[in-house]
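Novice: My questions concern the predicted model and sequence given below.
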Amino acid sequence: MESDLMNCRGVRKFLYAFADDQLGVKANCEVLDHLKMCPACSRLVEEHQTLRRAIGRTLAEVQVPHSLHTRVAGALSPAAASPSRRTFAWTLQAPRHRATAIAAALLLLVGATWIGASLLRKAPLPAVSPVVVEGGQIAASLVADIHVSHASLGPAHHRSDLPSTLAGVGPAISRHFEDRLAVAVPDLSSYGYVFESANFCGVRKADCTEGGHVIYASTEDQTRLSFFVVPRFDRFDRCNGQRSVEPEAYREYEVDQASGVSLSVLAWHRDETTFVCVGSVDINRMKAMVGAVRTAMGDFDERLKVACAMLRRMLPHAAPAHTHSEPSCSTPCSMQDRRGGFVDATDARVGA
């Protein structure tokens, strides 16, 4: 900044950056010197910081309506851009619902980016070495066995009524589970892995079908990599020796195989969905391969949550969103738990 920025007109464009601690030392000192002499600019900084604190407190209480999350995600998806599909697939009969939807969309596009970036930024989690586990009936070794068994089928693993392209598989899995799963599948072509097959496979036991399972084939050799999207499976948090139970942390394992090849197992949660990647790939390379999906989903959820928090403050008397109980799972291997997700019927009896 130049010295003439010590006047109000020059300094005000830097006030919000100052309030968010984003200025360098010199610029920060110049703005601070101006604020000592200018009550008007000081008031603007205080109002901005008060708003951020208020939104931060509200965020802790915000529950994003599941229907709103699904509709906004659908509206922003590439498929929604097709002229043959309606952008918003719900009726606009209630004025309050219409106003809320429009305001949410505007906040997502205009306000949530800069607030979310500064308010929700978190320090990166420290890197940890993967936990080495032996074969046995624990979550990590079980999902490794499922990967080996299904990958050995090659293209025959693909379910005939699912799309034959990666772009179509994600939405199809989401529809199958009635949007109860936060489905996102990575494009790994830049890492030398191409889409081979998809099916409805879970990770609770070998024949479970509660989840989506995508298999990628290497373009260089015969190795394959699995990516599962399943109802939240907390037994990955209780595997032998797992040191991190932070909600957003990776669960990292290496499972020894009889062949002598170790399989990396990388899992994480996003609300009531668990994502699992399995393959004979170095665990750090695997993180890079799936990182884009993990980060993109986190950014979207955080921005939507900020938008809802802002709406809650703008419409404090709005009626709370009504939620509907999800239909219970019909497959024998799982049942719904109290969170509205699914829990394995054997979880209460079998250790991790």
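Specialist: Sure, I can see it.
Novice: mind giving me the domain ranges of the chain?
Specialist: 3-59, 131-290 (automatic domain parsing).
Novice: how about the ones you listed in CSV, adding mean pLDDT?
Specialist: Formatted as CSV, those follow (pLDDT from 0 to 100):
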stretch, mean pLDDT
domain 3-59, 77
domain 131-290, 87
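Novice: Highest mean neighbour count across those domains, which stretch is it?
Specialist: domain 131-290 (a mean of 19; mean count of other Cβ atoms under 10 Å). The C-beta positions use only the backbone N, C-alpha and C, and glycine is treated the same way.
Novice: mind listing the strands in the stretch 201-350 of the chain by residue range?
Specialist: 212-218, 224-231, 251-256, 262-270, 273-279, 334-336, 342-344 (DSSP state E, counting those that start in this stretch).
Novice: Redo the ones you listed as a markdown table? Include distance to Asn7.
Specialist: Below are those laid out as a markdown table (distance: least, Cβ to Cβ, whole Å):
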| stretch | distance to Asn7 |
| --- | --- |
| strand 212-218 | 59 |
| strand 224-231 | 55 |
| strand 251-256 | 54 |
| strand 262-270 | 48 |
| strand 273-279 | 52 |
| strand 334-336 | 62 |
| strand 342-344 | 61 |
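Novice: closest one to Lys13 among the ones you listed?
Specialist: strand 262-270 (36.8 Å; Cβ to Cβ).
Novice: other SSEs contacting the closest one?
Specialist: helix 139-151, strand 251-256, strand 273-279, helix 283-314 (3 or more Cβ pairs under 8 Å, 6 or more residues apart in numbering; DSSP states H and E).
Novice: Okay, angle between it and helix 139-151 too, please.
Specialist: Angle, strand 262-270 to helix 139-151, by axes from the mean of the first three to the mean of the last three Cα atoms, to 10 degrees: 110 degrees.
Novice: And for the strand or helix carrying Leu15, what's in contact with it?
Specialist: Using DSSP states H and E, Leu15 sits in helix 15-19. By Cβ atoms under 8 Å, 6 or more residues apart in numbering, the surrounding residues in contact with helix 15-19 are Leu23, Ala27, Asn28, Val31, Leu32, Cys41, Leu44, Val45, His48, Gln49, Arg52.
Novice: what are the C-alpha coordinates of that helix, in PDB please?
Specialist: Written as PDB, here are the backbone C-alpha positions of helix 15-19 (Å, rounded to 0.1, in the frame of the first residue of the first chain):
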ATOM      1  CA  LEU A  15     -10.400  -3.400   5.900                       C
ATOM      2  CA  TYR A  16     -11.900  -6.800   5.500                       C
ATOM      3  CA  ALA A  17      -8.500  -8.400   4.800                       C
ATOM      4  CA  PHE A  18      -7.200  -6.600   7.900                       C
ATOM      5  CA  ALA A  19     -10.100  -8.000   9.900                       C
END
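Novice: Can you list the helices and strands that the helix or strand just after that helix packs against?
Specialist: Of the helices and strands lying after helix 15-19 in sequence (DSSP H and E), the nearest is helix 25-37. Packing partners of helix 25-37 (3+ Cβ pairs under 8 Å, 6+ apart): helix 8-11, helix 15-19, helix 39-59.
Novice: go again using 7 Å as the cut-off
Specialist: For helix 25-37, the elements it packs on are helix 39-59, judged by 3 or more Cβ pairs under 7 Å, 6 or more residues apart in numbering; DSSP states H and E.
Novice: quick one, the helix it packs on and helix 25-37 angle?
Specialist: With the same axes, to 10 degrees applied, the angle from helix 39-59 to helix 25-37 works out at 110 degrees.
Novice: same for helix 39-59, what does it pack against?
Specialist: By 3+ Cβ pairs under 7 Å, 6+ apart, helix 39-59 packs against helix 8-11, helix 15-19, helix 25-37, helix 112-119, helix 283-314.
Novice: again, only using 6 Å
Specialist: Under the contact criterion of 3 or more Cβ pairs under 6 Å, 6 or more residues apart in numbering; DSSP states H and E, helix 39-59 touches helix 15-19, helix 283-314.
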